[in-house]
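# Here is a sequence with its predicted model. Questions after.
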Amino acid sequence: MVPLPRRLAALLIALIATVSFTGTALGSPRDVINDFLDTGTIDACHSTADYAAARREPVQSQYGDFQGALDAALATPALVGTAATPCPVVPTPGDGSGVGGIALIVIPIGLCLVALVMVVGGRRRRAAAGDGPDTANDGSDPPA
């Protein structure tokens, strides 16, 4: 295994943490499909982009006509989120609002803290070894 410089490792950890934040806030076509597979109808609000992407997915269901359920949902304004009227955020069981949702927030924050500690610890170690800027002279003593 090739050792990574501390700053690069810290940057990668922060990047992973940032990317994992975005996944928690976005919906997906799979959410539309899962909504249909639960009861055979689409009951929750989804974005128009998610409906369009879900329409391209093949869905096998015991409830039957997925395309018809999409058409019915799109005909109901309360179930269609747009830029002007986004879907309301309503937590439901299993949507990531419980312990799993908390973990998706705590883990990226923890990764950012680890990256910060790595960078600060590396700077302190270099300063103590004399490789970094001179921190021993704080300006109170005149140079010799």
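Structure's in. What do you need? Numbers count the residues shown, from 1 in each chain.
# Next, work out how far apart residue 13 and residue 124 are.
According to Cβ to Cβ, to the nearest Å, residue 13 and residue 124 sit 18 Å apart. C-betas here are computed from N, CA, C, even on glycine.
# and these two? which has more neighbours close in?
Neighbours were counted for residue 13 and for residue 124 using other Cβ atoms under 10 Å; residue 13 has more, 19 against 12.
# Please name the residues that touch that one.
Contacts of residue 13 were listed using Cβ atoms under 8 Å, 6 or more residues apart in numbering, and they are 111-112, 114-115, 118.
# Can you mark which positions in the strand or helix carrying residue 110 are buried?
Residue 110 belongs to helix 99-129 when assigned by DSSP states H and E. Neighbour-count burial for helix 99-129, with 16 or more other Cβ atoms under 10 Å as criterion, is recorded at 108, 111-112, 115, 118-119, 122-123.
# repeat for stretch 51-62
Within stretch 51-62, the residues that count as buried by 16+ other Cβ under 10 Å are 51, 53-54, 59.
# For residue 89, which three-state class applies?
Under the three-state scheme (DSSP: H, G, I helix; E, B strand; the rest coil), residue 89 adopts coil.
# end-to-end on stretch 49-62?
25 Å (Cα to Cα, to the nearest Å).
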